[in-house]
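J.: structure for the following, please:
(chains A and B, ligands or ions: 1)
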Amino acid sequence: MAVAERARPATKRPPGGSDINLWTWFFMRISGIVLLFLVLGHFTIVHLMGGGINRVNFAFVSGRWSSPFWQTWDWTMLFLGMLHGANGMKVIIDDYVRRPGARVALKSTLYVMTFVLILLGTLIILTFDPTKGRSAVLGGIAG
Amino acid sequence: MHNEALTWSFAVRGPGWPMLVSAQIPHSPRFFTADTSERRGVRTVEKVGTIYRGGQGQWAFAAHRISGALVFFFLMAHILDTALVGFGPKFYNRVVGVYHNPVIRLMEIGLAGAVLFHALNGLRIMAIDFFPKASDRQRELLGFVIGLFMVLFAPAVFFMGRELLHSL
Ligand code: HEM
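T.: Take a look at the predicted model:
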């Protein structure tokens, strides 16, 4: 316990400190609560009920995404999951990677991948057209 | 003793893995307004040396971290595979058929366990954050998380395990 006291930082906010950490701290909790419902609900519905992933195929996904409700569900899960997860990974990198170069490299990779995946997922969900059976974005490439 | 110190020592105690010093990031907003991304606390703790006394809190912390990272990697893969829907039925069905493989089904069960533990333990973290008094009952809280985990995981294993056996 004495150690815990010693390791405690000064209570004064250091110069240059920002509220960003408080904000992310809060975000991790809010997003965690929302994700709890979205992720466990998603898992129960898609993976446990009705034979689980046996029935997951193109028709299944199309059926779900023809409803704005499930589109919104899936998109929110994707968005919050990626931000919550990426922020968690940032904390982990900060904790274990001490060399500044490696730290910057890893975190840049993390941020770029997070951005690209959120963008890709958003485009796919938004532009998915169940009548055509594909998304405008990738469908064009596939022809 | 201050509440945040309790949260702090709870997170720090453990079997002495230096890699887990990050446990000192207590889940307390007061802490974060005091310390910033510079994480000066990290160095302080390292210098202090073997401060760990062992305890479940440390294991819960490690499990939370590992499960979070695992789920994040899975989520990235899952966004990519689902994006293939955009290529149309033929392509997507062929790729998603891979998930019917028994080995992948086993990983699906593992994923479910990781998400479920992370979610329930996340609730425990938040309980301690928002109601600091809850840290007086850490043992009970962790016991509750583990108990609830087993109760909820059992039916999941049943349903997925059944399909796994069918797929053999
Ligand atoms: C299902 C509901 C979830 C809840 C209730 C939850 C809750 C939490 C909480 C409370 C934290 C601690 C934040 C902090 O220390 O400041 C956390 C960390 C984390 N979460 Fe989640 N989370 C959930 C889902 C997810 C998902 C889906 C992912 C992956 C995409 C994820 C990845 C992480 C990671 C990587 C960390 C950082 C772990 C660490 O710093 O040791 N979480 N989560």
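
J.: burial of residue A:110, as a residue count?
T.: 18 (other C-beta atoms under 10 Å in any protein chain shown). All C-beta atoms are positioned from the backbone trio N, CA, C, and that covers glycine.

J.: may I ask you to confirm that it is in contact with residue A:86?
T.: Yes. If you go by C-beta atoms under 8 Å, residue A:110 and residue A:86 touch, sitting 5.9 Å apart.

J.: pretty sure residue B:68 sits in a helix.
T.: Yes. Assessed with DSSP: H, G, I helix; E, B strand; the rest coil, residue B:68 lies in a helix.

J.: neighbours around it, how many?
T.: Using other C-beta under 10 Å: residue B:68 sits among 22 other residues.

J.: apart from its chain neighbours, what residue comes closest to it?
T.: Counting by C-beta to C-beta, 6 or more residues apart in numbering or on different chains, residue B:68 lies nearest to residue A:88, which is 4.9 Å off, once chain neighbours are set aside.

J.: might you report the residue contacts of the residue sitting nearest the centre point of chain A?
T.: Note on chain A: the residue nearest the mean C-alpha position is residue A:82, at 1.4 Å, using C-alpha atoms, centre = their mean. Applying C-beta atoms under 8 Å, 6 or more residues apart in numbering or on different chains to residue A:82 gives the contacts A:114, A:117-118, A:121, B:75, B:79.

J.: if we use 6 Å, what do you get?
T.: Listed by C-beta atoms under 6 Å, 6 or more residues apart in numbering or on different chains, the contact set of residue A:82 reads A:114, A:118.

J.: for residue B:123, give its distance to the ligand.
T.: 6 Å (C-beta to the nearest ligand atom, to the nearest Å).

J.: any idea which element the residue in chain A positioned nearest to the ligand lies in?
T.: Nearest residue of chain A to the ligand (C-beta to the nearest ligand atom) works out as residue A:88 at 2.3 Å. Using DSSP states H and E, residue A:88 maps to helix A:68-96.

J.: close to the ligand: what parts of chain B are there?
T.: Within chain B, the positions adjacent to the ligand are B:27, B:64-65, B:68-69, B:71-72, B:75, B:118-119, B:122-123, B:125-126 by C-beta under 6 Å from any ligand atom.

J.: ok, now with 5 Å
T.: For chain B, the contact set with the ligand under C-beta under 5 Å from any ligand atom comprises B:65, B:68, B:71-72, B:75, B:119, B:122, B:125.

J.: give the buried residues for the helix holding residue A:88.
T.: Neighbour-count burial for helix A:68-96, counted by 16 or more other C-beta atoms under 10 Å in any protein chain shown, picks out A:70, A:73-75, A:77-78, A:80-95.

J.: for residue 133, give me the pLDDT.
T.: Reading this off chain A. According to the prediction, residue A:133 has pLDDT 58.

J.: meant chain B actually
T.: Note on residue B:133: pLDDT of 84.

J.: tell me the angle the very next helix or strand once past the helix holding residue A:88 makes with helix A:68-96.
T.: Sequence order places helix A:100-127 as the next helix or strand after helix A:68-96, per DSSP H and E. Here helix A:100-127 points in a direction 180 degrees away from that of helix A:68-96 (axes from the mean of the first three to the mean of the last three C-alpha atoms, to 10 degrees).

J.: just checking, what packs against helix A:100-127?
T.: helix A:68-96, helix A:136-142, helix B:56-83 (3 or more C-beta pairs under 6 Å, 6 or more residues apart in numbering or on different chains; DSSP states H and E).

J.: listing partners with orientation, what would you give for the very next helix or strand once past that helix?
T.: For helix A:100-127, the following helix or strand on the C-terminal side (DSSP H and E) is strand A:128-129. Using DSSP bridges, the strands paired with strand A:128-129 are strand A:134-135 (antiparallel).

J.: who touches stretch B:156-168?
T.: Applying C-beta under 6 Å, 6+ apart, the set of residues contacting stretch B:156-168 is A:48, A:52, B:102, B:105, B:108-109, B:112.

J.: among those, which ones are buried?
T.: For the contacts of stretch B:156-168, buried by 16+ other C-beta under 10 Å: A:48, A:52, B:105, B:108-109, B:112.
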